[in-house]
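Chemist: next comes the sequence, and after it the predicted model I'd like to discuss.
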Amino acid sequence: MTLKSVDVILKRLAERPAELAAARAAGAKVVGFQGYSLPEELIHALGLIPLRIGLGGSDRLVELGGRYISTKNCVYVRETVGLFADDTDPYINNSDIFAFDATCLQTFRTAEVVQYYFKKNVLIVGVPRNFYLEEAETYFTAELRHFVSRLEEFAGAKLSFEKLADSIALYDQIRDEILAIYEYQATARPLISWEEVFDVIQAGYVLDRRDYLGLLQALHDELAAGQGAAVIAGADDEARIFISGSVIPPGDKKLISIIDQLGGRVVGDDLWSGLIPYVEVDIKEPTIAAVAWAYLHRTPHGALPYLDLATDGRIARLKSLIGKFKANGVIYHTLRYCDPYTFKAKETKDILENIGIPLLELHTEYAGSDVEAIRTRVEAFIEMIKLKTETGVAA
Amino acid sequence: MASENTVKGIYAGVDVGSLATKSVIIRDGEITGHAIIPSGHNSEESGLTALAQALNNAGLERSDVTHIVSTGYGRITASYATKTVTEITCHAKGANYLFPNVRTIIDIGGQDCKAIRVDPDGTVADFAMNDKCAAGTGRFLEVMAGVFKVPLAQLGELALEAEAIVPMSSTCTVFVESETISLLARGEKPKNIQAGIHHSIALRIAGLFSRVGIRSDVYFSGGVAKNKGMRKALEEVLKVTIVEPVFDPQLTGALGAAVLAEGIGAKAQKRALEAVSAQ
């Protein structure tokens, strides 16, 4: 049974395109953006409406996008370009300017294609490759200052200390609520599933951020009233799955549906399109430098190079989240040509094997031709986990 | 040979594969019947026909069977089964029944190939499967047999006679077909090309094992395991000795399914005994 507050969020999501069109007619300006290292706080603090754009799961849009961007780019990137070519996505059509970052170089290429072929007004934020060096902070702060100055020109307004402080406080509250709600889905008898929380997180990409905070608070209240405190606990008969790897954007339900149909239970993720952007963002003061520092010191995106696995924050984060959400298996989802994640699958598998967590690597795209092959792999993986916990399939 | 569960009763496994449907009957822990038929368009019918033939081979009736487990690509439509289980789990169980010391399974079926690592109790420790193309599968060899105009069963035997191995630059079924035609036109000996084809599959399988690891003993299951040329190529490329089959390797999945069906029976019998002793 869906929670009332989740229904309200989905209803608000359905109303959002018309609301955006009305806001623009009344003079509001909208920034469509894509990128792990783009601080939304800066867009919001200038009185602009931020929309995180991009969908997945449509082979038609991937094919359409592939006419403009090389097919050696991942399907998510190709579908993003396909959305521009298709010209029917309400969020792209309601954006006045687009911002992309260079965390993933395929995203950077998307920006080039969008500007060249679709004549859109595009901003780019450079992201330091050596994100762990002191010089990276200097570079990224300068990039964000340049980004803000371009947005100021576009908005016709100056970024103020007070407005940035307000926006940071708002986003901090949103992050806190998401983290609190997320814990409920991993409890023994949850009122909300991981998939519903995932949908709620992704609804926040486009909803008005202040409205969104209210909706999250209502959901948190409903969960607390129905369940009390969130106590994360597993059951003996469960295959508790953690999803890692490439982005799973709104619209891409292929893997999530298969896991659900086969009796697996997703209890956690470290996806760019899931939990990870909300974890440990610590903006210490309302300045561009502090925002840059906080975004650089989050869990790094998979596309950023870092050689030493023993001190890699991504691995440390993955292990700590697996433990926190009591997962007993990891499905490592990689999109074809999403090289940053695909290349690291084996190392990640070896590291997790050492702590007794099996990892299943699934390499896929949005076409339906591999659904049955993925189903067999996921089913065997769930059988393996259940047999190891002496349940499920008769041994 | 006896099942680890060794419970009284008759249990059946049915493996509906892409090219062949197999069934194995276990009675009181021993294999008593089996059958292999070509898969038809209707998976359920294929499964039922193979089951009927295996029961006939064992001198039994359908009503004698306590539990049936189905596996393979056609498992989803097996309404006759008590339970459906993936072929990965079933191959592990089947190999463990035949050879308890087996820790690694190479399974080459009609449309996929798998590398499976097995724990001592016959549960899957890890596995990897080929991507979604036909390279390195039974279907690939079937196409190649067509190119050489020889029966599929002879392809491996011919490769064993090779004087040299002609390296193939691709494992794509379509590209290897055209490459083979070019090599024949260039005057390469068919048996040397056939050895090259088997080695290209073995190299692809080696790629799968780089992900899951390989430990002795090694068992080769699936229809392609009957191909001696393939077996030799795998031993050379993987630098392992594959255990000699004691039962038709094409039936390993169906056997594992029968063992799992027997396990369901064992659990039911245990529950019944516990209920009696609790009274």
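Modeler: That came in fine, so what should we check first? In this text the structure is predicted, and so the values were computed from the model without any measurement.

Chemist: check what pLDDT the residue in the stretch 151-279 of chain B positioned nearest to chain A gets.
Modeler: Nearest residue of the stretch 151-279 of chain B to chain A: B:Gly263, at 3.5 Å (Cβ to the nearest Cβ). Where you see a C-beta, it was placed from the backbone N, CA and C, and this is true even at glycine. Here the pLDDT value assigned to B:Gly263 is 94.

Chemist: one more: the one 4 residues further on?
Modeler: On the pLDDT scale, B:Lys267 is placed at 89.

Chemist: count the residues that sit near it.
Modeler: As a burial measure, B:Lys267 scores 15 neighbours (other Cβ atoms under 10 Å in any protein chain shown).

Chemist: give me the element it is part of.
Modeler: B:Lys267 is part of helix B:252-278, with elements assigned from DSSP states H and E.

Chemist: pull out the buried positions in that helix.
Modeler: Buried residues in helix B:252-278, defined by neighbour count with 16 or more other Cβ atoms under 10 Å in any protein chain shown: B:252-266, B:268.

Chemist: spell out which residues of chain A are next to chain B.
Modeler: Counting by Cβ under 8 Å from any Cβ of the partner chain, chain A comes close to chain B at A:346, A:349, A:353, A:358, A:361, A:363, A:369-370, A:372-373, A:376-377, A:379-380, A:383-384, A:387-388, A:393-395.

Chemist: tell me how far stretch A:70-85 lies from the chain's centre.
Modeler: 17 Å (Cα atoms, centre = their mean, to the nearest Å).

Chemist: what comes up buried for that stretch?
Modeler: In terms of neighbour count (16+ other Cβ under 10 Å), stretch A:70-85 has its buried residues at A:73-85.

Chemist: can you give me the strands in the chain?
Modeler: Since no chain was named, I'll use chain A. A:30-34, A:49-52, A:97-101, A:122-125, A:240-245, A:265-269, A:329-335, A:359-364 (DSSP state E).

Chemist: other chain: chain B
Modeler: B:10-16, B:20-27, B:30-38, B:67-71, B:83-84, B:104-108, B:113-118, B:124-129, B:218-221.

Chemist: quick one: contacts of the fourth one?
Modeler: Strand B:67-71 has contacts (Cβ atoms under 8 Å, 6 or more residues apart in numbering or on different chains) with B:11-16, B:47, B:51, B:78, B:80-87, B:89-90, B:253-254, B:256-258, B:260-262, B:264-265.

Chemist: let's see that with 7 Å instead.
Modeler: B:11-16, B:47, B:78, B:80-87, B:90, B:253, B:257-258, B:260-261, B:264-265 (Cβ atoms under 7 Å, 6 or more residues apart in numbering or on different chains).

Chemist: next: the last one.
Modeler: With contact meaning Cβ under 7 Å, 6+ apart, strand B:218-221 is reached by B:91, B:95, B:99, B:102, B:104-107, B:231, B:234, B:240, B:242-243, B:249, B:252.

Chemist: please name the bridge partners of B:Glu30.
Modeler: B:Arg27 (DSSP bridges).

Chemist: what is the burial count for it?
Modeler: So B:Glu30, with other Cβ under 10 Å, has 11 neighbours.

Chemist: now do A:Lys158
Modeler: The burial count for A:Lys158: 10, using other Cβ under 10 Å.

Chemist: what does A:Pro90 give?
Modeler: Neighbours around A:Pro90, by other Cβ under 10 Å: 14.

Chemist: pretty sure A:Leu61 contacts A:Leu83?
Modeler: Yes - proximity of A:Leu61 to A:Leu83 meets the contact threshold set by Cβ atoms under 7 Å, at 6.1 Å.

Chemist: isn't B:Ser39 right up against B:Thr21?
Modeler: Yes - contact status for B:Ser39 versus B:Thr21: in contact at 4.9 Å, counting by Cβ under 7 Å.

Chemist: neighbour count winner among the two?
Modeler: B:Thr21 (28 against 23).

Chemist: what pLDDT does the more buried one get?
Modeler: 96.

Chemist: specify the beta-bridge partners of it.
Modeler: Beta-bridge partners of B:Thr21, as defined by DSSP bridges: B:Val16, B:Ile37.

Chemist: near chain A, which residues of the stretch 1-150 of chain B? Just list them.
Modeler: Contact residues (Cβ under 7 Å from any Cβ of the partner chain) of the stretch 1-150 of chain B with chain A: B:Val85, B:Thr86, B:Ile88, B:Thr89, B:Thr123, B:Val124, B:Asp126, B:Phe127, B:Met129, B:Asp131, B:Lys132.

Chemist: who wins for neighbours among those residues?
Modeler: Highest neighbour count within the residues of the stretch 1-150 of chain B next to chain A: B:Thr89, with 30 neighbours (other Cβ under 10 Å).

Chemist: export the strands of chain A to a markdown table and tack on mean neighbour count and mean pLDDT?
Modeler: Output for the strands of chain A, formatted as a markdown table (neighbours: other Cβ atoms under 10 Å in any protein chain shown; pLDDT from 0 to 100):
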| stretch | mean neighbour count | mean pLDDT |
| --- | --- | --- |
| strand A:30-34 | 24 | 98 |
| strand A:49-52 | 22 | 98 |
| strand A:97-101 | 24 | 98 |
| strand A:122-125 | 20 | 98 |
| strand A:240-245 | 26 | 97 |
| strand A:265-269 | 25 | 97 |
| strand A:329-335 | 24 | 97 |
| strand A:359-364 | 21 | 95 |
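
Chemist: can you list contacts of the lowest-mean-pLDDT helix or strand in chain A?
Modeler: In chain A, the helix or strand scored least confidently by mean pLDDT, DSSP states H and E is helix A:339-342, which has a mean of 89. Helix A:339-342 is contacted from outside by A:Cys104, A:Gly245, A:Ser246, A:Gly302, A:Ala303, A:Thr334, A:His363, using Cβ under 7 Å, 6+ apart.
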